[in-house]
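Chemist: I'd like to go over a predicted model; first the sequence, then the structure.
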Amino acid sequence: MKSMVLTGLNRIDIIDKPIPSIRRPDEVLIRMKSVGICGSDIHYFLEGRIGSQIVEYPFTIGHEGSGIIEETGQEVTGVSPGDRVAIEPAMACFHCDQCMAGRFNTCRNMRFLGCPGQAEGCLSEYLVMPSSSCHPIPGNISFDQATLAEPLSIGLYAVSLASSVTGKTIGILGSGPIGVSVMLAARAQGAGRIFMTDKIDARLDLARLMGADWTGNPDSTDIANAIRSEGFSQFDLIFECCGKQEAVDQAISLLAPGGKLMIVGIPSFPRWSFDVDDLRRKELSVLNVRRQNETLAKTIDMIASGKLCADKMKTHDFTLDEAEKAFNLVASYAEGVMKAVIHI
């Protein structure tokens, strides 16, 4: 089978590998159809690491995927050969203290698709996964929509952790795929006005098209003054979705006393810093969002029912042979790219 592998910083090769075999009775073989390129994939492509997760070359990445079940292990129930599925990239052990507490996303023995030291990714023609990671998709959902369900599930989880957003005016700093996923989830949960920022105007244009009420570019706009001119002063809730220190600094200044900062973005540096004076005097809460926890199935249901529509998020299509071109495009934020999908 064909497989995409990282062979060095900014280097991708398409190689031939044996088709993987089912080794456990609860596993399935999936013929991959669509794989989305995530910001974390770009970290591995450009920097070879995210924190302590360091790539050992060659390595296959990719964790946003959908496909067709080709074969099942002897103990598999719930899915059968021929089923179309969205893939949950997190493989929890279901036995540790975190799993027993329902915190599957912080499993002590987590294996995650495309994560160095854990599991090879899904940018290959075939993939073996536990059947528990396979969510059947209805006929009215395309493979691309099923692939988008993974980032959307992170947005839905982040909104659920923030408690009720119904009627609230919220800020979202970073209007890439995760920021837009948060916006769509917040809109579906009845949020009031949604303010979004980004340094790429094309992303702001798309965010407005998809439902943001107000957008601003901090490189060309005084965000605080612009928001005040809209008749709004401070936020009770802000989602940081770009992994940038300056976004966290801005969030601290924009939050009202008693406000909450949800950190969803993944930084490329090892430590955040906070203005302790503002953080303490305002009694602000800071909550990190670790991927998602049991929200993929709900996301699929919401896509099928029309409550979540992220079709406009996908802006570019590529074949597996064009993977390096796709990664360079996403890494350079060129051509107004929001989400690039590789078709296999």
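Modeler: Okay, I see it. Residues are numbered from 1 along each chain as shown.
Chemist: any idea how far residue 250 is from the residue nearest the centre of the chain?
Modeler: Ranked by distance to the mean C-alpha position of the chain (C-alpha atoms, centre = their mean), the top residue is residue 151 at 3.3 Å. Separation of residue 151 from residue 250 (C-beta to C-beta, to the nearest Å): 23 Å. No exception for glycine: its C-beta is placed from N, CA and C like everyone else's.
Chemist: helix, strand, or coil at the residue nearest to the centre of the chain?
Modeler: At residue 151 the chain is in helix, as set by DSSP: H, G, I helix; E, B strand; the rest coil.
Chemist: use 52 as the first number for this chain going forward.
Modeler: Renumbered: residue one is now 52, and that last one reads residue 202.
Chemist: can you pull the contacts of it?
Modeler: Residues counted as contacts of residue 202 (C-beta atoms under 8 Å, 6 or more residues apart in numbering) are 87, 89, 115, 228, 229, 232, 390.
Chemist: at 6 Å what do you get?
Modeler: Each residue near residue 202 by C-beta atoms under 6 Å, 6 or more residues apart in numbering is listed here: 228, 229, 232.
Chemist: and which of those is nearest residue 220?
Modeler: residue 232 (18.9 Å; C-beta to C-beta).
Chemist: which helix or which strand is home to the closest residue to that closest one other than its chain neighbours?
Modeler: Nearest in space to residue 232, with sequence neighbours left out and distances taken as C-beta to C-beta, 6 or more residues apart in numbering, is residue 206 at 3.0 Å. Here residue 206, judged by DSSP states H and E, is contained in helix 194-212.
Chemist: list the helices and strands the helix or strand just after that helix packs on?
Modeler: Following helix 194-212 in sequence order, the next helix or strand is strand 221-224 (DSSP H and E). Applying 3 or more C-beta pairs under 6 Å, 6 or more residues apart in numbering; DSSP states H and E, we find strand 221-224 packed against helix 228-239, strand 245-248, strand 286-291.
Chemist: want to try CSV for those, with distance to residue 335, mean neighbour count and mean pLDDT as columns?
Modeler: Listed next are the helices and strands packed on strand 221-224 as CSV, based on distance: least, C-beta to C-beta, whole Å; neighbours: other C-beta atoms under 10 Å; pLDDT from 0 to 100:
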stretch, distance to residue 335, mean neighbour count, mean pLDDT
helix 228-239, 19, 26, 98
strand 245-248, 18, 26, 98
strand 286-291, 10, 25, 96
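Chemist: relative to residue 338, which of these is closest?
Modeler: strand 286-291 (10.1 Å).
Chemist: quick one: contacts of the helix or strand following the closest one?
Modeler: Downstream of strand 286-291, the first helix or strand assigned by DSSP H and E is helix 296-305. By C-beta under 6 Å, 6+ apart, the surrounding residues in contact with helix 296-305 are 224, 286, 289, 291, 312, 323, 326, 329.
Chemist: nearest to residue 161 among the contacts of residue 202?
Modeler: Nearest member of the contacts of residue 202 to residue 161, counting by C-beta to C-beta, is residue 229, at 19.6 Å.
Chemist: so who does that closest one touch?
Modeler: 202, 292, 315 are the contacts of residue 229 under C-beta under 6 Å, 6+ apart.
Chemist: local confidence estimate at the first one?
Modeler: Reading off the confidence values, residue 202 has pLDDT 98.
Chemist: check the second one too.
Modeler: Per-residue confidence for residue 292 comes out at a pLDDT of 98.
Chemist: then the last one?
Modeler: As predicted, residue 315 sits at a pLDDT of 98.
Chemist: pretty sure it is touching residue 208, no?
Modeler: No. Using C-beta atoms under 6 Å, residue 315 makes no contact with residue 208, being 9.2 Å away.
Chemist: list just the nearest of the contacts of residue 229 to residue 179.
Modeler: Once C-beta to C-beta is applied, the member of those that ends up nearest residue 179 is residue 202, at 23.1 Å.
Chemist: pull the distance from stretch 62-80 to the chain's centre.
Modeler: Offset of stretch 62-80 from its chain centre (C-alpha atoms, centre = their mean, to the nearest Å): 23 Å.
Chemist: buried set for that stretch?
Modeler: For stretch 62-80, burial by neighbour count (16 or more other C-beta atoms under 10 Å) applies to 63, 65, 71, 73, 78, 79, 80.
Chemist: one more: stretch 156-163?
Modeler: Buried residues in stretch 156-163 (16+ other C-beta under 10 Å): 156, 158, 161, 162, 163.
Chemist: and those as a markdown table, adding distance to residue 252, secondary structure and pLDDT?
Modeler: Below are the buried residues of stretch 156-163 laid out as a markdown table (distance: C-beta to C-beta, whole Å; DSSP: H, G, I helix; E, B strand; the rest coil; pLDDT from 0 to 100):
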| residue | distance to residue 252 | secondary structure | pLDDT |
| --- | --- | --- | --- |
| 156 | 33 | helix | 97 |
| 158 | 39 | coil | 98 |
| 161 | 37 | coil | 97 |
| 162 | 39 | strand | 97 |
| 163 | 33 | strand | 98 |
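Chemist: would you map the helices across this protein?
Modeler: 90-98, 148-151, 194-212, 228-239, 252-261, 274-280, 296-305, 327-332, 347-356, 374-382 (DSSP state H).
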